[in-house]
Structure formats: structure tokens, C-alpha cells
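1. missing the sequence, but the structure's below:
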Ligand code: HSE
């Protein structure tokens with residue numbers, strides 16, 4: 001029987017998960033591919049560390065040694081950082097290998113170039129593991145929604161942030177305690193700044209944009225904010241109102257423009273994201289024929305990510321990926337309203353004595369934490385004058401928790 005020879009680059013949480021899954025699901029892989037899958041090589045950084053890898057596998061710190069193997073079909077990349085990863089994957093493609101990557105940052109920056117190079121070399125690129133861990137959102141977009149025009153995608157795309165927000169609320173942990181646990185569980189990036197400052201979710205959003213709309217917004221114009229301004233006190237105030245903080249990415253096509261935001265928002269019980277807890281991710285796809293589809297599942301961790309890679313292994317082996325890698329730019333546009341509507345916001349750092357006709361005071365939730373109604377534009381103007389203000393959008397209809405809006409407004 002022919003054999004598919006695979007190299008795994010990196011033996012951290014993801015690399016090891018992939019290695020172990022190739023062993024544990026050998027039969028399923030063989031029946032899906034009609035071929036045995038064999039790990040021929042593993043690229044590591046540190047030779048001293050003990051690893052549970054079969055003796056026949058080439059374990060090396062030198063990628064060139066892997067490239068010199070007489071037969072190599074697929075290179076699976078589970079390292080971090082843009083370089084040397086991008087260069088290594090270019091060499092793998094030029095050598096005639098399909099590639100599979102779990103590296104969001106590298107793929108957001110260089111995905112387009114890798115796919116073009118793969119096209120020239122008649123090989124495929126799998127990148128399911130770059131977005132939303134084990135949730136097959138990339139395959140859903142490229143395989144199952146080929147005719148639908150995607151209008152908007154919203155999602156909780158960073159498992160670490162969602163885990164931290166959940167544990168701060170549920171177990172009353174501090175931010176630091178929750179982050180430490182996320183690191184112990186293998187959810188966080190090597191540099192967790194990428195998780196908690198929203199960079200990781202931003203890269204994932206850009207990858208989704210390219211696959212859904214065939215293009216990305218100008219990166220500089222995407223509002224990106226992490227979860228570090230969310231204190232236990234704010235989480236408690238939101239809870240009093242029946243609201244939860246969720247770190248939400250959103251990307252849509254408005255007219256000919258792609259608009260994106262990656263930031264924390266507040267949602268109520270009626271919102272599907274309210275129930276997405278812990279390391280779970282969820283992605284809601286809004287398309288013109290089908291309407292809204294929401295996919296939910298584990299967004300990080302060893303085996304959820306390995307699941308995405310292993311399914312890609314079958315996909316790229318079928319060598320059918322290239323033409324459907326990225327959609328054409330013809331997507332349904334969301335109608336753009338000219339008038340900026342007034343929305344509800346949870347704010348801190350705004351003096352109660354502040355008077356401005358464009359802002360309606362609704363509720364004082366706890367000391368110094370208010371619910372107001374204002375347009376985003378007016379609020380942004382205000383923040384320019386007073387940098388101590390933090391504000392979070394409350395999605396959907398806000399219903400005052402204690403008294404009616406009128407009573408609260410007059411009380412203030
Ligand atoms: N650090 C990432 C997260 C891993 O927490 O979502 C999965 O991409």
C-alpha cells in the first residue's frame with residue numbers, strides 16, 4: 001500500500017496533538033485516504049527535551065534535513081511567529097508538498113502568497129486550524145457555502161479571552177489567575193499578549209474576511225481592542241444587569257467596503273453568544289440564501305486543534321483545495337445606514353455631573369459604572385476629551401434591571 005509521508009514542524013501543544021492523533025486515528029485516516037499516513041519527521045527547537053516519538057521518526061532541529069528526505073508529501077506547521085515559518089513553508093511548497101498550518105499570525109500576513117505559490121506548484125494549503133480551533137468554519141465557508149453570498153460574520157474567536165472572562169465571572173478569579181490557568185490548559189499563545197489584546201482574534205478575522213469576501217479591510221481601520229480593561233468590578237456590574245462580557249469579532253461588507261471590529265461587548269441572555277462559555281468559540285455566518293448559521297465548539301487546546309489539522313490532512317490529500325481556497329469578491333453587501341443610531345453603553349470614568357445633550361443617562365449600576373445611550377460618534381468625541389473613559393457596547397435591546405428607564409433617568 002502507498003504511504004503518505006508527513007513532517008510535523010513543532011512539537012508543542014498542537015504538534016504533539018497532531019502526532020498522537022495520527023497514531024490514534026490511523027485506521028480512520030487509512031480508510032479516508034486509501035493510504036497509510038506515516039510521520040517521517042518532526043522539527044523541534046530543543047534537542048535536550050524528552051519526547052515520546054517513535055525511534056524511526058527523524059527528529060531534527062534542521063528543516064533542510066527534512067527537505068532532503070527521499071519522499072515527503074505533507075508538511076504540517078505548528079510553530080509560532082511569521083518567520084522562519086513563512087520561508088520554510090515556501091520551501092516545502094516548492095519541493096512539491098501540500099502544507100497545513102495552524103499559525104494564524106503568519107497566515108494572516110502571508111496566506112495569499114502561500115496559496116498563490118501552492119497554485120503554481122499544484123499543491124494545496126490547509127488552514128482550518130488557524131481559526132476557531134476545532135470548529136470547521138473554513139471548510140464550511142469554502143466547501144459548503146459556495147453559492148451563498150456571505151454578508152456578515154460574527155464570532156468569539158479567542159478561547160483564552162473567553163475562558164478568562166468566564167472564570168473571572170464564575171469563579172471570581174483575578175485576571176492573572178484565569179490567564180495562568182489558560183496557559184496551563186494549553187490555550188494561550190506563547191506570548192499571551194496576542195490573546196488578551198485581541199491580536200489573535202484580529203488575525204483570525206482577517207483570514208475569515210479573505211475567505212468570505214475575497215478581500216480584507218485596511219488593517220489600520222479595524223477597531224481592535226482586547227480584554228485587559230475589563231475589571232472584576234465591571235464584570236460584577238454587568239452581571240447585575242443580566243449581561244455578560246464577550247470578546248466579539250465582526251466583519252461585514254457595507255457597500256463596497258469591508259468593515260471589521262474586534263472588541264469586548266456586552267450581551268444579554270437572548271443573544272446566542274451569551275451562552276458560549278470557557279474555551280468555547282462560536283462563529284455566526286450570515287449569508288443571503290440560508291440566513292444565519294452558528295457553529296460552536298472548542299476554540300483551543302491540543303485535540304480540538306489537532307482535529308482541524310487531521311481533517312485538513314484528508315482535504316489536502318484529495319488535492320482539490322486550490323480553486324476554492326478564497327472566494328471571489330462578489331459578496332452580498334449589508335445595507336449601510338447613513339444615520340448613526342443611538343446605542344446603549346456600559347461606561348466607567350465618566351463623571352455623573354457631566355452634561356451633554358447627545359448623551360442620555362440611563363442607569364447607575366454600581367459606583368462610577370453607568371449605562372448611557374449615545375451614538376458611537378458622540379461617545380468617541382467624548383473619549384477624545386477624557387481619556388479615562390472606558391466604554392462597552394451593549395448589544396440588543398437594553399432593559400434596565402431595577403427600575404424603568406424613565407424613573408432611572410429622572411433619578412440621575
Ligand atoms: N490562543 C488561541 C486561543 C489558540 O486562545 O484561541 C487557538 O487559536
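-> Perfect, I can see it now. Keep in mind that what you see is a predicted model, and the values were worked out from it rather than measured.

2. closest to the centroid, which residue in this protein?
-> Among the residues of the chain, the one closest to the centroid is residue 157, at 3.1 Å (CA atoms, centre = their mean).

3. from what I can see residue 257 touches residue 215, true?
-> No - contact status for residue 257 versus residue 215: not in contact, 10.1 Å apart, counting by CB atoms under 8 Å. Any C-beta I mention is one placed from the backbone N, CA and C, and that applies to glycine too.

4. just want to know which of these two has more residues nearby.
-> The neighbour count for residue 257 versus residue 215, taken as other CB atoms under 10 Å, is higher for residue 215 (16 against 12).

5. what pLDDT is listed against that one?
-> Residue 215 is assigned a pLDDT of 94 by the prediction.

6. is it true that it lies in a helix?
-> No - secondary structure of residue 215 (DSSP: H, G, I helix; E, B strand; the rest coil): coil, not part of a helix.

7. tell me the spacing between it and residue 247.
-> Distance, residue 215 to residue 247, by CB to CB, to the nearest Å: 24 Å.

8. can you check residue 78 too?
-> Distance, residue 78 to residue 247, by CB to CB: 24 Å.

9. next one: residue 68
-> Residue 68 is 44 Å from residue 247, by CB to CB.

10. the two: which has the busier surroundings?
-> Counted by other CB under 10 Å, residue 68 and residue 247 do not tie: residue 247 has more neighbours, with 26 against 11.

11. tell me the contacts of the residue nearest to that one when sequence neighbours are not counted?
-> Of all residues not flanking residue 247 in the chain, residue 161 sits nearest, at 4.3 Å (CB to CB, 6 or more residues apart in numbering). Residues near residue 161 by CB atoms under 8 Å, 6 or more residues apart in numbering: 195-196, 198, 201, 226-227, 247.

12. same thing but at 6 Å, please
-> 195, 227, 247 (CB atoms under 6 Å, 6 or more residues apart in numbering).

13. do you know the pLDDT at the nearest residue to the second one once chain neighbours are set aside?
-> Excluding its sequence neighbours, the residue lying closest to residue 227 (CB to CB, 6+ apart) is residue 161, at 4.9 Å. In the predicted model, residue 161 carries a pLDDT score of 98.

14. helix, strand or coil for residue 161?
-> helix.

15. now do it against the ligand, distance only.
-> 7 Å (CB to the nearest ligand atom, to the nearest Å).

16. cool, and residue 315?
-> 19 Å.

17. tell me the SS of that residue?
-> Going by three-state DSSP: residue 315 is helix.

18. got the contact list for it?
-> Contacts were defined as CB under 6 Å, 6+ apart; by that measure residue 315 touches residue 126.

19. contact residues of the stretch 1-150 of the chain facing the ligand?
-> residue 133 (CB under 6 Å from any ligand atom).

20. repeat that for 8 Å
-> Neighbours of the ligand within the stretch 1-150 of the chain, by CB under 8 Å from any ligand atom: 102, 104, 129-133.

21. and for the nearest residue to residue 141 once chain neighbours are set aside, the neighbour number?
-> Nearest non-adjacent residue to residue 141, counting by CB to CB, 6+ apart: residue 211, 5.1 Å away. As a burial measure, residue 211 scores 23 neighbours (other CB under 10 Å).
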